[in-house]
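Colleague: Have a look at this prediction, sequence included:
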Amino acid sequence: MHLIIDGYCTHTKLLKDPDALKNWMLNTIELLGLHSYGEIRIYDYPFPGREGTALSAVIFLGESSFTVHTYPEHSFIFIDIFHCHNFDIKKCHKWVTESLGIDKPVTYLFKRGLDRSGKPVPITPAFIELDEDWEMICKENNEREIGGEK
C-alpha cells in the first residue's frame, strides 16, 4: 500500500524543527508497527531568494519507505508511506491528521507491493473519502463514479 497525505499542518514547530519531525516520524513508525532500517535522514533546504527553509525527511523501512516534505512558510506538509504489505490505513490516517492538526487532508491510497504469495502487484488506485462523521471510506477505482460513469 502507498498512502499519501497532504495538508495544512497546525503544528508549525514540526514543519521547521528537524528534531520534532524526527520524533514524530519515530512515533508514527512505532504506532504502525513498522520496522525502520537505518536512521531518519533529514535535509534542510533553503529557498533561493526567500527567507526560510523546507525540511525533507526519509527513512527506509523493512517494508519500504516513509518520506515527509514540509513547507513552513505555507504551513503545508506532504507525507508518503509506502509499505509492501497491507497496514492499518484508518489508524494511520487518524494518527497523521490528528497528531499534525490537519483539518482537511488530501489523501490518496494506491494498492501496490506484494500479494500474499510474494508476487509484485501493479499499482491500483483507491480513493479515500470521508463521510459526514469523518469516517474514512476506501473505494476501488472501478467502483468510483467519475463523470457519471463507473
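Modeller: Cool, got the structure. No experiment lies behind these values; they were computed from the predicted model shown.

Colleague: starting at the chain centroid, how far to the longest helix seen in the chain?
Modeller: The residue-count maximum for a helix in the chain (DSSP state H) belongs to helix 18-32. Chain-centre distance of helix 18-32: 12 Å, with Cα atoms, centre = their mean, to the nearest Å.

Colleague: do the same with stretch 80-89
Modeller: Using Cα atoms, centre = their mean, the offset of stretch 80-89 from its chain centre is 9 Å.

Colleague: try stretch 66-74
Modeller: Taking mean C-alpha positions (Cα atoms, centre = their mean), stretch 66-74 and its chain are 11 Å apart.

Colleague: Same check on stretch 37-54?
Modeller: With Cα atoms, centre = their mean, you get 18 Å for stretch 37-54.

Colleague: Likewise for stretch 89-107?
Modeller: That offset, for stretch 89-107, works out to 9 Å (Cα atoms, centre = their mean).

Colleague: just stretch 61-81 next, same as before
Modeller: 6 Å.

Colleague: Show the end-to-end separation of that stretch, please.
Modeller: Counting by Cα to Cα, to the nearest Å, you get 10 Å between the two ends of stretch 61-81.

Colleague: Check stretch 12-23 too.
Modeller: End-to-end distance (Cα to Cα), stretch 12-23: 14 Å.

Colleague: Going forward, count from 504.
Modeller: Sounds good: first residue 504 from here, last item stretch 515-526.

Colleague: Give me the average confidence score over that stretch.
Modeller: Across stretch 515-526, the average pLDDT comes to 94.
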